[in-house]
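Q: Let me see the structure of the following:
(chains A and B)
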There are 2 protein chains.
Amino acid sequence: MGRWEPDARGRLARAALDLYAERGYEQTTVADIAQRAGVTERTFFRHFTDKREVLFDPSLTLQETMVAAIAAAPADRTPVETVVGALQTAVAMLEERRDWSRRRAAVIAANPSLLERELLKLAALATAAGAALRARGVREPRASLAAETGVTAFKVGFEHWVGEPPAQDEAVQEPESPARTLADHIGEALDEIRALTATPRPLG
Amino acid sequence: MGRWEPDARGRLARAALDLYAERGYEQTTVADIAQRAGVTERTFFRHFTDKREVLFDPSLTLQETMVAAIAAAPADRTPVETVVGALQTAVAMLEERRDWSRRRAAVIAANPSLLERELLKLAALATAAGAALRARGVREPRASLAAETGVTAFKVGFEHWVGEPPAQDEAVQEPESPARTLADHIGEALDEIRALTATPRPLG
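A: Below is the predicted model:
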């Protein structure tokens, strides 16, 4: 076990999700995960600080990538387009992790404390997007509203991406019939928000 | 202290906010709050289970009122209009509590654990709005997107309502120059979202 472990991090992440799904998150220990991945606990702790961190992996720096993409966005984009475009750029690293993302979503949905953490991460994402827009000169309340709207498109797009039946795009990889990407789903969610808010509001 | 306490609940809520602002939330005890309000700790616990509950008062049933208003909304309203209109109805009870709401917001912003709870309450509000829309026959992803968009309008409208300078509408109550209500701010936030998403998106 002391030797070099090829892709120990990936094996640990997959083993953890397998066990969370089989036994439940609370019932799984770090020792269980290490054993299933065929590594020592010491190796686990070289990659993750605890079993929760496997699900909220800081190496997936979605927020940092989004903030950088907002800063680098063309000046002629509207604030909402800027945020949504940045999120579409940032999710590139998730596109190949759809099955993992789907199983992760199931574990999180089954555990209120994990769901709370996920919601807080989304709230932090919106806060960071708003700050990045203000740094580009977008005023309030436009910056906050554009940030929240963009993160809503991300949240709902992500839910639909992981919720799609896996058969077509994962059982057989057919390049001639590509599945809708996560970026597609996020774009469609924004289009839907646009349609939902397009009609004048007859409220008093 | 054993006698009947006129508006003990309101006095306790005001005393708690005064102390949270003066000493900090963590440094304030229930005994401090009861003493400031001139009641016993026993009276405090007849009204609130703990010092956090003063800030997240279940007697302010915003979510229940919103859900009932969504169920009762005219059929010709769009999903977003339905949610925003229901939130505008539900906040009526807050309109007269603006100074209290402003001070509450300052305490919450200064305490990460309170801020987390506030964000989770907003997430729960969006989840409830989405369920109430689905009960009216709105399909996914429209229901979730309309719910999130409505709650975004509420969140940002609320922030601007508590953030407005208090001078005009509270120092001197002049009925001939009414301040913008919380409902006005929520409606304006929706108008802004509409404007932000109105232009076609040139993303690939």
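
Q: quick one, what contacts the residue nearest to A:V54 when sequence neighbours are not counted?
A: Excluding the flanking residues, the one nearest A:V54 by C-beta to C-beta, 6 or more residues apart in numbering or on different chains is A:A16, at 4.3 Å. In this view, the C-beta of every residue, glycine as well, is placed from N, C-alpha and C. Shown in contact with A:A16 (C-beta atoms under 8 Å, 6 or more residues apart in numbering or on different chains): A:28, A:33, A:51, A:54-55.

Q: Filter those residues down to the ones in helices?
A: Here DSSP state H is the test, and the contacts of A:A16 give A:I33 as lying in helices.

Q: and which of the contacts of A:A16 is nearest to A:V84?
A: A:L55 (24.9 Å; C-beta to C-beta).

Q: Let me know how buried the closest one is, in neighbour terms.
A: Neighbours of A:L55 under the rule other C-beta atoms under 10 Å in any protein chain shown: 20.

Q: which helix in chain A runs the most residues?
A: Max-length helix for chain A by DSSP H is helix A:112-135.

Q: can you list the residues of chain A near chain B?
A: A:77-81, A:84-85, A:88, A:116, A:119-120, A:123, A:140-142, A:144-146, A:148-149, A:152-153, A:155-156, A:159-160, A:187, A:189-194, A:196-199, A:201-203 (C-beta under 8 Å from any C-beta of the partner chain).

Q: Quick check: buried residues in the longest helix of chain A?
A: A:114, A:116-120, A:122-123, A:125-130, A:132-134 (16 or more other C-beta atoms under 10 Å in any protein chain shown).

Q: And stretch A:15-24, by the same measure?
A: Quick answer for stretch A:15-24 (16+ other C-beta under 10 Å): A:15-17, A:19-20.

Q: same question for that stretch, mean pLDDT?
A: Across stretch A:15-24, the average pLDDT comes to 94.

Q: before we move on, the earlier item: which one among the contacts of A:A16 gets closest to A:A8?
A: A:I33 (11.3 Å).

Q: And the closest residue to the closest one other than its chain neighbours, how far from chain B?
A: Sequence neighbours aside, A:A16 is the residue nearest to A:I33 in space, at 4.7 Å (criterion: C-beta to C-beta, 6+ apart). A:A16 is 25 Å from chain B, where distance means C-beta to the nearest C-beta, to the nearest Å.

Q: Three-state assignment for A:A16, please.
A: helix (DSSP: H, G, I helix; E, B strand; the rest coil).

Q: And A:P6, by the same measure?
A: coil.

Q: ok, it - how many residues close by?
A: 7.

Q: Relative to chain B, how far out is it?
A: For A:P6 relative to chain B (C-beta to the nearest C-beta), the value is 36 Å.

Q: On the pLDDT front, check that residue for me.
A: Confidence for A:P6, expressed as pLDDT, is 70.

Q: And the helices in chain A?
A: A:8-23, A:30-37, A:41-47, A:62-71, A:79-90, A:98-109, A:112-135, A:142-163, A:182-197.

Q: Reformat these into a markdown table and put distance to B:H47 next to each item.
A: Conversion of the helices of chain A to a markdown table gives the following (distance: least, C-beta to C-beta, whole Å):
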| stretch | distance to B:H47 |
| --- | --- |
| helix A:8-23 | 41 |
| helix A:30-37 | 44 |
| helix A:41-47 | 47 |
| helix A:62-71 | 40 |
| helix A:79-90 | 43 |
| helix A:98-109 | 35 |
| helix A:112-135 | 27 |
| helix A:142-163 | 34 |
| helix A:182-197 | 41 |
